[in-house]
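*Asks:* give me a 3D structure for the following:
(one chain, ligands or ions: 1)
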Amino acid sequence: MKSSDGFEIEQLDTVRVQMGDQSCDLPLIEGSEGERALDISRLRAETGAITLDEGFVNTGSTRSAITFLDGEKGVLRYRGYPIEKLAASCDFIETAFLLIYGELPNAKEIETFRAGIREHTMLHQDMKSFYNGFPRDAHPMAILASVVGALSTFYQDSLDLDDDRQVEISIYRLLAKLPTIAAYSYKKSIGQPFMYPKNSLDYTENFLHMMFATPTEEYELDPDFAEALNLLLIVHADHEQNCSTSTVRMVGSSNANLFASISAGISALWGPLHGGANEACVNMLEQIARDGGDVKKYVDMAKDKDNPFRLMGFGHRVYKNFDPRATIIRACCDKLLDKLNLDDPLFEVAQQLQEVALKDEYFIERKLYPNVDFYSGVIYRALGIPVQMFTVLFAIGRLPGWIAHWREMHNSPGFRINRPRQIYTGHTERNVTPLESR
Ligand code: CMC
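*Replies:* Sure, this is the predicted structure:
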């Protein structure tokens, strides 16, 4: 059947909602992986009532064919492909193509895609002057959101949402320029000259080059660093209707251009409840190391019900058995630490914490495993990426997912502005008392 917003859906049944003498038959629908939902789109028209679901815990905001996850079984698939298979066989740019266009690219398609991205890696020279205006200690996420928003001032030739070619160019520009914008924000914070992108390098190599090369020294790229970064970007590339993705959809639903919508997504990701957990994890590991490395003391604190302390990087709201992304990057993390053999007490603490927590009854019973943020924080640290840049890396990884959702929404039948309702709980009508009498 066709739902009220034009999608083909499987209807299983109807559910009758009775309110006094009014009733409404709501379709019970099912997605392709068996998830069921009540379609309430006719509820208000037929009964005058709306639903209330603060935090959207029970609310499907859209139908989407991009990412499927099953938290109980530890499943994450992009366009039907398990994340483990993609991480083993594809690079980040192929994954981005898959998310945005729905299919894995063939050899010709991926070459065109890579070439298109390479063509746009430089920033407009005038854009560099923005960086002079930011304070030296500006958070790189603030710079990222501002400069991405400002892309719409430089590329006014590609803002027409109804012109597929213009949208396409904006997609290339975003994918190409975000690493450059990000690396420049880091260079600004340490007072080093910006390094131009080098188009002979691939996506992750180029980012590492812009981050760590200087005009005075040869920078030798470590292929294991580029590989680790590639994996991290892949596992972060999409996670269905999370806070930042929903933000991109919400802003995009007003027909705001792609740059403005992505800039809003970056701001949403910046919040510590969303993109900031790996930063919190490394800060905690540093604190434990500074405090003499007594891991057991912190595990006991986390278990103490009278102590609000939690082990950062453990547990997950959705993945209740294991986080498939953590499993993938754990191997990479172990390999990197073995190879680098770095003299940093933080890694010793991370290793011990992982071992203690995995054997402890408290963590086993509650299914609290190290999550993606635990290992990604440790990997970023090993790569020499400063803590403030962690969420920036997350944004570079999540960009294809945001674009895919923005595009899916605009191409959906029945697309309309997102406009939730509310249950008003304020004053009923009252009179304005003149100022002198208040
Ligand atoms: N340390 C110690 N105890 C914990 C932890 C932890 N990290 N996480 C959960 N618990 C306990 C919690 O106290 C509760 O115990 P009890 O049943 O005795 O009251 C039980 O485990 C269930 O916890 P919950 O708070 O109901 O679980 P939740 O699903 O609401 O929370 C979480 C999930 C991720 C917010 C939480 O595990 C947490 O705060 N973890 C640390 C922060 C972190 O690593 N966040 C990043 C998550 S990955 C983000 C992403 O996917 O991008």
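
*Asks:* now do the phi/psi pair for residue 75.
*Replies:* Its backbone dihedrals place residue 75 at phi -110, psi 130, with angles given as degrees, to the nearest 10.

*Asks:* can you give me every residue that contacts it?
*Replies:* If you count contacts by Cβ atoms under 8 Å, 6 or more residues apart in numbering, residue 75 has them with 68, 69, 82, 324. Using the backbone N, CA and C atoms, a C-beta is placed for each residue, glycine as well.

*Asks:* buried subset of the residues you listed, written for ChimeraX?
*Replies:* Selection of buried members from the contacts of residue 75 for ChimeraX, criterion 16 or more other Cβ atoms under 10 Å:
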select :68,69,324
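
*Asks:* out of the contacts of residue 75, list just those in strands.
*Replies:* Using DSSP state E, the members of the contacts of residue 75 that fall within strands are 68, 69, 82.

*Asks:* which one of those is nearest to the ligand?
*Replies:* residue 69 (10.0 Å; Cβ to the nearest ligand atom).

*Asks:* for the residue in the stretch 51-200 of the chain positioned nearest to the ligand, which non-adjacent residue is closest in space?
*Replies:* Each residue of the stretch 51-200 of the chain has a distance to the ligand, by Cβ to the nearest ligand atom, and the smallest belongs to residue 71, at 9.4 Å. Spatial nearest neighbour of residue 71, excluding adjacent residues (Cβ to Cβ, 6 or more residues apart in numbering): residue 318 at 3.7 Å.

*Asks:* now do the helices in the stretch 301-438 of the chain.
*Replies:* Counting by DSSP state H, counting those that start in this stretch, residue ranges of the helices within the stretch 301-438 of the chain are 324-340, 345-359, 361-365, 372-383, 390-410.

*Asks:* just the residues contacting the first one, thanks.
*Replies:* When you say that, I think you mean helix 324-340. Helix 324-340 has contacts (Cβ under 8 Å, 6+ apart) with 74-76, 82-84, 87, 224, 227-228, 231-232, 235-236, 347, 351, 369-372, 374-376, 378-379, 382-383.

*Asks:* buried residues in stretch 214-221?
*Replies:* Across stretch 214-221, burial judged by 16+ other Cβ under 10 Å covers residue 221.

*Asks:* give the rounded mean pLDDT of that stretch.
*Replies:* Taken as a whole, stretch 214-221 carries a mean pLDDT of 92.

*Asks:* mind checking how far the residue nearest to residue 71 is from the ligand?
*Replies:* 7 Å (Cβ to the nearest ligand atom, to the nearest Å).

*Asks:* that residue contacts residue 74, correct?
*Replies:* No. Counting by Cβ atoms under 8 Å, no contact exists between residue 318 and residue 74, whose distance comes to 9.9 Å.

*Asks:* the two: which is more packed in?
*Replies:* Set residue 318 next to residue 74 and count neighbours by other Cβ atoms under 10 Å: residue 74 wins out with 19 against 14.

*Asks:* how about that one, what does it touch?
*Replies:* Neighbour list for residue 74: 319, 321, 322, 323, 324, 327 [criterion: Cβ under 8 Å, 6+ apart].

*Asks:* can we see that at 6 Å?
*Replies:* 319, 321, 322, 324 (Cβ atoms under 6 Å, 6 or more residues apart in numbering).

*Asks:* which of those residues sit farthest apart?
*Replies:* Distances among the contacts of residue 74 were taken as Cβ to Cβ; the most separated pair is 321 and 324, at 9.6 Å.

*Asks:* just to revisit the earlier point, and the contacts of helix 324-340 near the ligand, which?
*Replies:* Among those, the residues lying close to the ligand (Cβ under 6 Å from any ligand atom) are 371, 372.

*Asks:* and the residue of the stretch 201-350 of the chain that's closest to the ligand?
*Replies:* Closest to the ligand within the stretch 201-350 of the chain is residue 315: 2.3 Å, counting by Cβ to the nearest ligand atom.

*Asks:* check what pLDDT that residue gets.
*Replies:* Predicted confidence (pLDDT) for residue 315: 90.

*Asks:* what about it, neighbour count?
*Replies:* Summarising burial for residue 315: neighbours were counted as other Cβ under 10 Å, giving 19.

*Asks:* same thing with residue 55?
*Replies:* Neighbour tally, residue 55, other Cβ under 10 Å: 6.

*Asks:* contact residues of this structure facing the ligand?
*Replies:* By the criterion of Cβ under 6 Å from any ligand atom, the positions of the chain lying close to the ligand are 277, 302, 310-317, 366, 368, 371-373.

*Asks:* which of these has the most neighbours?
*Replies:* Once you tally neighbours by other Cβ under 10 Å, residue 313 ends up highest among the residues of the chain next to the ligand, having 27 neighbours.

*Asks:* surely it and residue 374 touch.
*Replies:* Yes. Under the criterion of Cβ atoms under 6 Å, residue 313 makes contact with residue 374 at 3.0 Å.

*Asks:* overlap in contacts of the two?
*Replies:* Applying Cβ under 6 Å, 6+ apart, one finds that residue 313 and residue 374 are jointly contacted by residue 281.

*Asks:* in PyMOL, how would I select the buried members of the contacts of helix 324-340?
*Replies:* One line in PyMOL is enough to select the buried members of the contacts of helix 324-340, burial here meaning 16+ other Cβ under 10 Å:
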select buried, resi 74+75+76+83+84+87+227+228+231+232+235+236+347+369+370+371+372+374+375+376+378+379+382+383
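
*Asks:* output the contacting helices and strands for the lengthiest helix in the chain.
*Replies:* Selection of the longest helix in the chain by residue count, based on DSSP state H, yields helix 164-190. For helix 164-190, the elements it packs on are helix 107-119, helix 140-154, helix 203-212, helix 390-410, judged by 3 or more Cβ pairs under 6 Å, 6 or more residues apart in numbering; DSSP states H and E.

*Asks:* report all helices and strands that the last one contacts.
*Replies:* Contacting helix 390-410 under the criterion 3+ Cβ pairs under 6 Å, 6+ apart are the following elements: helix 92-101, helix 140-154, helix 164-190, helix 243-252, helix 258-270.

*Asks:* which of those helices is buried the deepest?
*Replies:* Mean neighbour counts were taken over these using mean count of other Cβ atoms under 10 Å, and the top value, a mean of 24, falls to helix 258-270.

*Asks:* can you pull the buried residues of the very next helix or strand once past it?
*Replies:* Toward the C-terminus, helix 258-270 is succeeded by helix 277-290 as the next helix or strand (DSSP states H and E). Using 16+ other Cβ under 10 Å as the test for burial, helix 277-290 gives 277, 278, 279, 280, 281, 282, 284, 285, 286, 288, 289.

*Asks:* now the last one, nearest residue through space, not along the chain?
*Replies:* Ranked by Cβ to Cβ, 6+ apart and with sequence neighbours excluded, the top spatial neighbour of residue 289 is residue 345, at 4.1 Å.
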